[in-house]
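> All I have is the shape, not the residue letters:
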């Protein structure tokens, strides 16, 4: 009787077991835990990177303002910044293995927030409270908006998770949505590169769009490489798949070309413009690539997607306000000023300088009016000796300066020796 009832009992227990497997009550909580781990690693990494870059900058500034003959790489401050920079990059790299790509990429706004706060803390000038608020009100508002946007991104970020195995990555790589996306991106990249190289379209949007398109492929490959390394550490070796090395090579190549275009943009435009526009374009391109390759928003409801988009827009606005409030850097003057050389004096004609002094115009040899300059900064003038046709007994200097009119753009100099009579 017990033997007859046992098959029926086993058949009755099978649907319950199947239902338990399909529901997976702890799967959602585990995925949210992974999201939180990835977000915290990304925030930690960007904070440490911001501190590291400011430490290295402080090391350069301190050496430039002192008589220390040491090179920058021989100082403890610079090496401390380098160590923190590597630590921060490792934190950001590992964050891609836990959370979706579309959640990690917008969190780079944390680096902009940290840089703004560090810049305000280390100000050496003394401000009155009203002047301080007037000067940095945009930075405070931008930081607040960026923090609100970051909170919305973490709260309503995508919650799709899968193990980064070689089979899954290969399946995503040959899927038709990603192939179509790659085709469109290659066409846009080639058109932008043609206009940039052949038509000299050196617009900031063109250069940063090239950076954004390359960056979208960089983050896709970074997530694949980081995910496969984490899965291998957990016991399922993935390093023997060829797709791992293909992704690794693509990650390094796109990162190098991305840095090249960023260096070209930094030579033409201000760093604040590059930071704000680059963040907006790169984040948009990376989220699109993540949604296409890894299907980050599959199964998400409309409310979560809308709130995530709102968080991105608020973070964009916050970063724009923070970078808009930065001081523009003074362009480097590619000449040695005459008054900076010991024992050398400038040639003047009634207060109009031929050689521009320090902290004046950018163009070499431009005439500069020095009427409003303090007397202490005005270089001494050489007396103008008019050409004389005197007698033989009158001594003459070994050179003479011909007088010129104000209509002439530059004075005429004659250094020929006076012939002996």
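Right, received. Where do you want to start? Computed from a prediction, not measured in an experiment: that's the story for all the values here.

> I'd say residue 201 and residue 195 touch.
Yes: counting by Cβ atoms under 8 Å, residue 201 does reach residue 195; the two are 4.1 Å apart. To be clear about C-beta, it is placed using only N, CA and C from the backbone, and glycine gets the same treatment.

> buried stuff in whichever strand or helix holds residue 193?
For residue 193, the host element (DSSP states H and E) is helix 176-197. Across helix 176-197, burial judged by 16 or more other Cβ atoms under 10 Å covers 178, 181, 185, 189, 192, 196.

> Stretch 58-71 now?
58-59, 63.

> What average pLDDT does stretch 284-299 get?
On average, the pLDDT along stretch 284-299 is 90.

> Same question for stretch 212-225.
Mean per-residue pLDDT for stretch 212-225: 94.

> Ok, stretch 318-329 next?
Rounded mean pLDDT across stretch 318-329 is 74.

> Equivalent analysis for stretch 76-85, please.
The pLDDT scores in stretch 76-85 average 89.

> and for it, what are the contacting residues?
For stretch 76-85, contacts defined as Cβ atoms under 8 Å, 6 or more residues apart in numbering pick out 48-49, 51-56, 58-60, 62, 72-73.

> what do you get if the cut-off is 6 Å, keeping everything else the same?
Contact with stretch 76-85 is made by 48, 51-52, 55-56, 59, 72, as judged by Cβ atoms under 6 Å, 6 or more residues apart in numbering.

> Which stretches in the stretch 201-350 of the chain count as helices?
For the stretch 201-350 of the chain, applying DSSP state H, counting those that start in this stretch gives helices covering 204-233, 242-268, 271-293, 302-324.

> Can you mark which positions in the longest helix seen in the chain are buried?
Identified as the longest helix of the chain according to DSSP state H is helix 27-64. By neighbour count with 16+ other Cβ under 10 Å, helix 27-64 contains the buried residues 31, 34-35, 38-56, 58-59, 63.

> low pLDDT regions in the stretch 101-250 of the chain?
Low-confidence segments of the stretch 101-250 of the chain (pLDDT under 70): 122-132, 134.

> how about 50 then?
125 (pLDDT under 50).

> Please report how far residue 197 lies from residue 76.
Taking Cβ to Cβ, to the nearest Å as the measure, residue 197 falls 43 Å from residue 76.

> do the same with residue 199
Taking Cβ to Cβ, one finds residue 199 at 48 Å from residue 76.

> One more: residue 108?
For residue 108 relative to residue 76 (Cβ to Cβ), the value is 28 Å.

> Can you pick out the residue with more neighbours from these two?
Remark: of residue 108 and residue 76, residue 108 carries more neighbours, 21 against 8, as counted by other Cβ atoms under 10 Å.

> circling back to that earlier point, among the contacts of stretch 76-85, find the lowest-pLDDT one for me.
Here the lowest pLDDT out of the contacts of stretch 76-85 sits on residue 72, with 74.

> and the gap between the closest residue to that one other than its chain neighbours and residue 108?
Of all residues beyond its chain neighbours, the one nearest residue 72 is residue 78 (5.1 Å), with distances taken as Cβ to Cβ, 6 or more residues apart in numbering. Going from residue 78 to residue 108 by Cβ to Cβ gives 24 Å.

> can you pull the buried residues of the strand or helix carrying residue 136?
Here residue 136, judged by DSSP H and E, is contained in helix 129-155. With burial defined by 16+ other Cβ under 10 Å, the residues of helix 129-155 counted as buried are 136, 138-140, 142-143, 145-150, 152-154.

> Pull the most distant pair out of the residues you listed.
136 and 154 (26.3 Å; Cβ to Cβ).

> on that earlier part again, need the residues that contact the helix holding residue 193.
Residues contacting helix 176-197 (Cβ under 6 Å, 6+ apart): 201, 206, 209-210, 213, 292-293.

> Emit the PyMOL select command for whichever of those residues are buried.
Of the contacts of helix 176-197, the buried ones can be selected in PyMOL as follows, counting by 16+ other Cβ under 10 Å:
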select buried, resi 206+209+210+213+292+293
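
> Nearest to residue 314 among the contacts of helix 176-197?
The closest of the contacts of helix 176-197 to residue 314 turns out to be residue 209 (Cβ to Cβ; 22.8 Å).

> just to revisit the earlier point, what's the angle from the helix holding residue 136 to helix 27-64?
150 degrees (axes from the mean of the first three to the mean of the last three Cα atoms, to 10 degrees).

> What is helix 129-155 packed up against?
Counting contacts by 3 or more Cβ pairs under 6 Å, 6 or more residues apart in numbering; DSSP states H and E, helix 129-155 is packed against helix 109-121, helix 302-324.

> Which of those sits closest to residue 246?
helix 109-121 (29.4 Å).

> Counting by contacts, list what the closest one packs against.
Using 3+ Cβ pairs under 6 Å, 6+ apart as the contact test, the elements touching helix 109-121 are helix 27-64, helix 129-155, helix 302-324.

> could you dump those helices to JSON lines with distance to residue 250?
Formatted as JSON lines, the helices and strands packed on helix 109-121 follow (distance: least, Cβ to Cβ, whole Å):
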{"stretch": "helix 27-64", "distance to residue 250": "21"}
{"stretch": "helix 129-155", "distance to residue 250": "26"}
{"stretch": "helix 302-324", "distance to residue 250": "26"}
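
> So for residue 101, which of those sits nearest?
That would be helix 27-64 among these, by Cβ to Cβ, at 9.8 Å.

> Flag every buried residue along the helix or strand immediately after that closest one in the chain.
Per DSSP H and E, the first helix or strand lying C-terminal to helix 27-64 is helix 76-95. Buried residues in helix 76-95, counted by 16+ other Cβ under 10 Å: 77-78, 81, 84-85, 88, 91-95.
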